[in-house]
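S.K.: Generate coordinates for the sequence data below:
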Amino acid sequence: MNHRLGLFLGIIGLVSASYSYGADEAAKLDTQQCSICHGYGGTTSSELFPHLAGEPAPYIINQLKEFRDKSRSDENAKRFMWGISSRLTDEQIEQLAAFYESKPAVHEGRISNQAEYDHGRNIFSSGLPDKGVPACMTCHGEKGEGSDSVPRLGGQNEAYLKRQLNVFYGNDRPAAAVMHEVVKGLSQADVEAIAQYLQAQ
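M.R.: Modelled structure (predicted):
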């Protein structure tokens, strides 16, 4: 009985040590590489880069692998992420994803244009049925919190949101087939309104 208990506790200890190592490795990568653009713990002050804190792990895993295999080919993916992701193993990608998912999302957005914000909220909540645009919250959650392979958008940098929505008009993110269809019904004014609404969530 004591032998079995000791064996069980030993296994638990190994699992805990492995998890701790993964978290330490991810924190090291965050400090030495990722934070240069994305900020420590995935919260950045730059509008050029997205916040990673609070993003669902499956989404981060998918994106890092798409950077690594060069299937995500928008301009900033090429400039910043292709080289970095090429040096990441699957294990490191999973560790980073778990690390950033565990970090609380910090929202510092402000409503700078109330009319634009209200328009964005209406699109996010109700869509544009006459243009074939579904409510964004159907996939992204009531406040843009995201889930599983669907990204968190709430609190994201406004400039980044606009840029990515515009990327969907082209073919640089082929895995996002749903979004390629959605943006067909969005004007630039709609894109700006959605971004204004989401950054303040």
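S.K.: how many neighbours does Asp69 have?
M.R.: 11 (other C-beta atoms under 10 Å). From N, CA and C alone the C-beta is placed, and that goes for glycine too.
S.K.: Now for it: which residues touch it?
M.R.: Going by C-beta atoms under 8 Å, 6 or more residues apart in numbering, Asp69 touches no other residue.
S.K.: pLDDT weak spots in the protein?
M.R.: 1-22 (pLDDT under 70).
S.K.: how does it look with 80?
M.R.: Counting by pLDDT under 80, the chain contains low-confidence ranges at 1-23, 107-108.
S.K.: how close does Asp90 sit to Lys103?
M.R.: According to C-beta to C-beta, to the nearest Å, Asp90 stands 21 Å off from Lys103.
S.K.: Pick out whichever of the two has more residues nearby.
M.R.: Lys103 (17 against 11).
S.K.: which SS state does the nearest residue to that one once chain neighbours are set aside fall under?
M.R.: In space, and not counting its chain neighbours, Lys103 is closest to Ala53: 3.8 Å by C-beta to C-beta, 6 or more residues apart in numbering. Of the three states, Ala53 takes coil according to DSSP: H, G, I helix; E, B strand; the rest coil.
S.K.: For Ala53, grab the count of nearby residues.
M.R.: 22.
S.K.: now Ile111
M.R.: 12.
S.K.: Hmm, it is touching Gln199, no?
M.R.: No. With contact defined as C-beta atoms under 8 Å, Ile111 does not reach Gln199; the gap is 9.0 Å.
S.K.: domains for this protein, by residue range?
M.R.: 2-101, 114-199 (automatic domain parsing).
S.K.: isn't Ser45 right up against Cys37?
M.R.: No. Applying C-beta under 8 Å, one finds Ser45 not in contact with Cys37, separated by 10.7 Å.
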